[in-house]
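Enquirer: got a predicted model here, sequence first, then my questions.
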Protein chains: 2
Amino acid sequence: MFQDFSQTARPEQGPPRLAALRREMEAEGLAGFLVPRADAYQGEYVAPHDDRLAWLTGFTGSAGYCVALQAKAGVFVDSRYRVQVKTQVADVYTPVDWPEVGLAEWIADNLPEGGDLGFDPWLFSLDQIRRLEDALDGVTLHRCDNLVDRIWDDQPEAPAGAVAAQPLDLAGEAHEAKIDRLAKGLEAAACIITLPDSIAWLLNIRGTDIPRNPVPHGFALLNRDGTVELFMDAAKLEGLGDHLGDKVKVLPPEGFIAAVATLGGRVQLDPATCPVVVAEAITGEIIECADPCLLPKARKNAAELEGARAAHLRDGAAMVRFLAWVDAQAPGSFTEIDAVKALEGFRTATNALRDISFETISGSGPNGAIVHYRVTEDTDRTAQDGELLLVDSGGQYVDGTTDITRTIAIGTPGDEEQEAFTRVLKGMIGLSRLRFPKGLAGRDIDVLARAALWDVGWDYGHGTGHGVGSYLSVHEGPARIARSGTIAFEPGMILSNEPGFYREGSYGIRIENLIAVEEAPELNGQVVPRMLRFETLTWVPIDRRLIRKELLTEPERDWLDSYHAGVLERIGPLVEGNEAEWLKRACAPL
Amino acid sequence: MFQDFSQTARPEQGPPRLAALRREMEAEGLAGFLVPRADAYQGEYVAPHDDRLAWLTGFTGSAGYCVALQAKAGVFVDSRYRVQVKTQVADVYTPVDWPEVGLAEWIADNLPEGGDLGFDPWLFSLDQIRRLEDALDGVTLHRCDNLVDRIWDDQPEAPAGAVAAQPLDLAGEAHEAKIDRLAKGLEAAACIITLPDSIAWLLNIRGTDIPRNPVPHGFALLNRDGTVELFMDAAKLEGLGDHLGDKVKVLPPEGFIAAVATLGGRVQLDPATCPVVVAEAITGEIIECADPCLLPKARKNAAELEGARAAHLRDGAAMVRFLAWVDAQAPGSFTEIDAVKALEGFRTATNALRDISFETISGSGPNGAIVHYRVTEDTDRTAQDGELLLVDSGGQYVDGTTDITRTIAIGTPGDEEQEAFTRVLKGMIGLSRLRFPKGLAGRDIDVLARAALWDVGWDYGHGTGHGVGSYLSVHEGPARIARSGTIAFEPGMILSNEPGFYREGSYGIRIENLIAVEEAPELNGQVVPRMLRFETLTWVPIDRRLIRKELLTEPERDWLDSYHAGVLERIGPLVEGNEAEWLKRACAPL
């Protein structure tokens, strides 16, 4: 079982740890110390070794900061975690609504006399520190040792997970070819790469350093001559054999800063993710531009797309077995945790599951309205007749990463729930069946997922879609479907399509498929030179009991019927007996 | 009659004028000279005095440049004018596809040896010259006298049109109040305002210096102390009486540069429109920001909106009389020019028409596919049975500016024309009936006007909507509905909603209403805090003979029927006899 349901926060441990940190601050002459959730790799998941924010404060969310001053300690959390933080941190911590209140603003209010603020320069990107330094007034940022590590006696070791090669038939391009291609396009003599999924993609390797994301921790230098220096613990690479080859030189991670400092000529880095300590070690000219792996990694090649399709069929069959299981339970007879366990069981039974791609969100009734709900023994509840169960989950398979949300009627759904579900579905279909000219970005099409909700004054507070990796991170840049999405879509990009609606205290609805950008075949009489469309990757029934048919247009009904026919055709052969019967019923035309 | 139909270009006059210009260039030691279409005010219409590009080259389009070198002279025109330019300029001129080919790129290709390039610094904005200087390599820009003016013996005088006060009941806010409000928000001690419609809005004055746009030429300094210096020919202001009051000091335009040069402290200007000669005269610190009139001018107040509604009813009745007239003509019995004359006649008969808001576009059959078609005696043709007639027109009334496009079936329309019209209409309705959260901009909603066309591979090559002034410019910034529209909508903004489709060589379709942004009343169960929607200002029937009913959704059909009921209710009382009968038929439910 990958997922666990323990309530990990121990608020009572916060006060003594904060007191110890304050003593260290005083010894260093610091007025404050910054503790981010992030590690040096700026990913979504951190190893236990790097889980400093949770260890110090008790807050276990996936983003945030603590600003510890002598008199006050702010815990900055975004809208997803406003409720959760209150139960997780002791009174010595003050929750702050972030980013509505910025760090600099709060510091100015709570440290009016000014002073030195310490931070670990491995844990902040160049951009973050620049923005903070610009915004601070009378307060000086002070690069220093990590004071949390100093007081954390039983801090777990940094991870040393084994690294494996990603087979060429799944990666679709040899890492030597990727290196050559990217090296030719460099703006400088060398390029610093610090994002683990960039390194994993570039070198066709996968790791086990952190949960959910199959990436190894490490840093790399990509040189214009087509060589790579990989700063990674050699012990982690033992299973690789000669996969890396001559062009990749493995060096101890401890030597990374010294190597950066001796680079001659121009050095390229991504200020959004490069740790400030690395950027400041450079002695030559710095060229700032986006990590050169981001776009090539997002544009999946034919082999990666083939893998994604296979992973989605396998995962789809597990989801169908799960949905049939849910329908076989009497309302009120199973809990959210039961659902998570059942679903993980069906995925595990595929014998191909490497990990879940994130903690399954299983929210019944009012818990469904908590967008990033993680069920624990304390919050677990039973879905009653008339409630909705929202299940957002995914699997990491060697050929692809999945991410799917289905909202399920438990018993007989209410009228508002049906209307809301249908309006969410209209948005999801609007994107699924869109043809559009090349050059558009997420911002240009996001409205299609929302207009049917806006009609009645509804909306959802999250983006409509994020990029998804190929057996990599389930949240992958740079394209997204959202008001903030300005990267143009390109063939091969895999994105989620997941509009929703949440009635606080009552229910939550989200419908999510993964889609891949593809060239749209030319139509008779077409005048737009090149058009794109989305190939649907996810094939799992959408709960017809929640649809108000008269709210759908004819093209929307046609899309849904044809989608369900496609589900039956693809997943039907993969399930048997009662599950096959259930699938047939679930895929009947509207 | 405001519009004329003469073919004004005289290509044979180009060569001797170019030869004369080249002699002046040689005398000044210049390798080339830049002639823009623009005047010092960067508006869409120029006075005959400023029509240098047309005088020199013969090209009469509303945007473009001539780059005259000794061996070659490029005439830079955008996609609207690629066909027209060929008939308007002699062989000594080389048409250049702009902006696909930039000025700097073409200059580099045609002046490889480098040299000095002269230009009149009144006719280029600070931004334009910066961009050009950045892009040029080995070529130096040289500020100099206008060499075209030197060789233009019978150049018309600069305009000296009379200025009138805009009545307070129509302007809705006294100019003293506007001045105070804007002065308080200045970023500097003084602000340079060079856009004529900004000055006209700020001072509640209207002018007659140029056709179509009721603005006077002049410049202004808005000071933080709440005073304005207006650099404008006093003779033009004689009819104003004491309208301007004590806070506005009128000074001769010749003194503007000297006044700018003596400004103490920080000076604010808009680099997008401020002539480079003005910016370079400043001796103090320059603060660059958008013209402070742009947003307040775009947010129409209650009186301006009331005026717009009244102007649209009056103009709508004239349009209805025109459409009834068209339907009464036998196919093949009237020309495009006949249509323009008839329409202008109906508008003139309102006794309130001050000017047309732009040259009426009256394009039948293939001419309808020329997006900015202006009919002349040479191009005039008769709409035949089965063709479409596209008429895009507007009126300048003292209470409002109108802009409307209707596409009319002449005889029996073809299948493709009906499908295209219906898809264009779907887009136009999609925006008309949208409710959306505050904070969105044109880019966020533009897709709604296009998705039904994209479905079948179609699109249109222009924006979906532009801002419209209050008895001011028919093309007004800063908000627009287009991929380039990033200014958030605010209540009171008036915009056009004009999707289209054009089949080259065959037909053109455009349907255009003006709409005003307004607060949307809160709905039961609404969760979005504040929503906006569009109030429709234009009330004129949409040709039901061109609609394929089965392509419309039920909400779209409802919108159209309710729109036509609204037209009948509002315009019915304003027309009589046959025209009233026609209107009743045109407004019948689908």
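Expert: Right, received. Where do you want to start? Residues are numbered from 1 along each chain as shown, chains lettered A, B, ... in the order given.

Enquirer: now the stretch 301-450 of chain A against chain B: closest residue?
Expert: Of all residues in the stretch 301-450 of chain A, residue A:435 sits closest to chain B, at 4.9 Å by CB to the nearest CB. No exception for glycine: its C-beta is placed from N, CA and C like everyone else's.

Enquirer: which residue packs closest to the residue nearest to the spatial centre of chain A, ignoring adjacent ones?
Expert: Closest to where the C-alpha atoms of chain A average out (CA atoms, centre = their mean) is residue A:475, at 3.0 Å. In this structure, residue A:475 finds its nearest non-sequential neighbour in residue A:466, 5.1 Å apart by CB to CB, 6 or more residues apart in numbering or on different chains.

Enquirer: how much space is there between that neighbour and residue A:503?
Expert: Relative to residue A:503, residue A:466 is positioned 24 Å away (CB to CB, to the nearest Å).

Enquirer: can you tell me how far the spatially closest residue to residue A:98 that is not a sequence neighbour is from chain B?
Expert: Closest residue in space to residue A:98, ignoring its immediate chain neighbours: residue A:76 at 3.6 Å, by CB to CB, 6+ apart. Distance of residue A:76 to chain B, computed by CB to the nearest CB, to the nearest Å: 23 Å.

Enquirer: isn't residue A:76 right up against residue A:65?
Expert: Yes: counting by CB atoms under 8 Å, residue A:65 is a contact partner of residue A:76 at 4.4 Å.

Enquirer: anything in contact with each of those two?
Expert: Counting by CB atoms under 8 Å, 6 or more residues apart in numbering or on different chains, the shared contacts of residue A:76 and residue A:65 are A:98, A:103.

Enquirer: mind listing what the residue of the stretch 301-450 of chain A closest to chain B touches?
Expert: Contacts of residue A:435 (CB under 8 Å, 6+ apart): A:520, A:531, A:532, A:533, B:454, B:455, B:457.

Enquirer: does the last one touch residue A:527 like I think?
Expert: Yes: the pair residue B:457 and residue A:527 passes the contact test of CB under 8 Å, sitting 6.4 Å apart.

Enquirer: circling back: list the beta-bridge partners for the residue of the stretch 301-450 of chain A closest to chain B.
Expert: Judged by DSSP bridges, the bridge partners of residue A:435 are residue A:533.

Enquirer: and the pLDDT for it?
Expert: Looking at residue A:435, its pLDDT stands at 98.

Enquirer: got phi/psi on the residue lying closest to residue A:496 once chain neighbours are set aside?
Expert: Closest residue to residue A:496 apart from its sequence neighbours, by CB to CB, 6+ apart: residue A:465 at 4.5 Å. Backbone torsions for residue A:465, taken as degrees, to the nearest 10, come to phi -160, psi 150.

Enquirer: count the neighbours of residue A:465 for me.
Expert: By the measure other CB atoms under 10 Å in any protein chain shown, the count of residues near residue A:465 is 29.

Enquirer: next one: the one 4 residues further on
Expert: The tally of other residues near residue A:469 (other CB under 10 Å) stands at 26.

Enquirer: what's the domain layout of chain A?
Expert: Listed domain ranges for chain A are A:11-151, A:164-297, A:299-586 (source: automatic domain parsing).

Enquirer: how long is the first one from one end to the other?
Expert: Between the start and the finish of domain A:11-151 there is a gap of 17 Å, counting by CA to CA, to the nearest Å.

Enquirer: who touches the helix or strand of chain A with the lowest mean pLDDT?
Expert: Least confident helix or strand of chain A, by mean pLDDT, DSSP states H and E, is helix A:82-88 with a mean of 88. Residues from elsewhere that reach helix A:82-88, judged by CB under 8 Å, 6+ apart: A:9, A:11, A:57, A:58, A:59, A:60, A:61, A:75, A:77, A:95, A:97, A:370.

Enquirer: can you rerun that using 10 Å?
Expert: A:7-11, A:14, A:54, A:57-61, A:64, A:75-78, A:81, A:93, A:95-98, A:370, A:372-374, A:378-379 (CB atoms under 10 Å, 6 or more residues apart in numbering or on different chains).

Enquirer: buried ones among the residues you listed?
Expert: Listed as buried from the contacts of helix A:82-88 are A:9, A:11, A:14, A:54, A:57-61, A:64, A:75-78, A:81, A:93, A:95-96, A:98, A:370, A:372-374, A:379; burial here means 16 or more other CB atoms under 10 Å in any protein chain shown.

Enquirer: one step back: residue B:457 and residue A:527: which is more packed in?
Expert: In this view residue B:457 and residue A:527 are compared by other CB under 10 Å, and residue B:457 has more residues nearby, 19 against 16.

Enquirer: so how far is chain A from that one?
Expert: The gap separating residue B:457 from chain A is 3 Å, by CB to the nearest CB.

Enquirer: any idea of the mean pLDDT for the host helix or strand of residue A:390?
Expert: Element membership for residue A:390 (DSSP states H and E) is strand A:388-393. The pLDDT scores in strand A:388-393 average 98.

Enquirer: does it come close to chain B?
Expert: No: Strand A:388-393 stays clear of chain B (CB under 10 Å from any CB of the partner chain), getting no nearer than 16.6 Å.

Enquirer: packing partners for whichever helix or strand residue A:76 is part of?
Expert: According to DSSP H and E, residue A:76 maps onto strand A:73-77. Where contact means 3 or more CB pairs under 10 Å, 6 or more residues apart in numbering or on different chains; DSSP states H and E, strand A:73-77 is packed against helix A:14-28, strand A:32-36, helix A:52-57, strand A:65-69, helix A:82-88, strand A:94-97, helix A:103-110.

Enquirer: among these, which comes closest to residue A:222?
Expert: Taking CB to CB, strand A:32-36 is the member of the helices and strands packed on strand A:73-77 nearest to residue A:222, at 26.4 Å.

Enquirer: so the closest one versus helix A:103-110, what angle?
Expert: With axes from the mean of the first three to the mean of the last three CA atoms, to 10 degrees defining the directions, strand A:32-36 sits at 150 degrees from helix A:103-110.

Enquirer: what lines up beside strand A:32-36 in the sheet?
Expert: Paired strands of strand A:32-36, with direction, are strand A:65-69 (antiparallel), strand A:115-119 (parallel) (DSSP bridges).

Enquirer: may I have that strand exported as CSV, CA atoms only?
Expert: Coordinates of each C-alpha in strand A:32-36 appear next as CSV, following Å, rounded to 0.1, in the frame of the first residue of the first chain:
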residue,chain,number,x,y,z
GLY,A,32,14.6,35.9,11.9
PHE,A,33,15.0,32.8,9.8
LEU,A,34,13.1,31.6,6.7
VAL,A,35,12.0,28.0,6.4
PRO,A,36,10.4,27.0,3.0
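
Enquirer: run through the helices of the stretch 301-450 of chain A in chain order.
Expert: Taking DSSP state H, counting those that start in this stretch as the criterion, the stretch 301-450 of chain A carries its helices at A:302-328, A:336-348, A:415-432, A:442-454.
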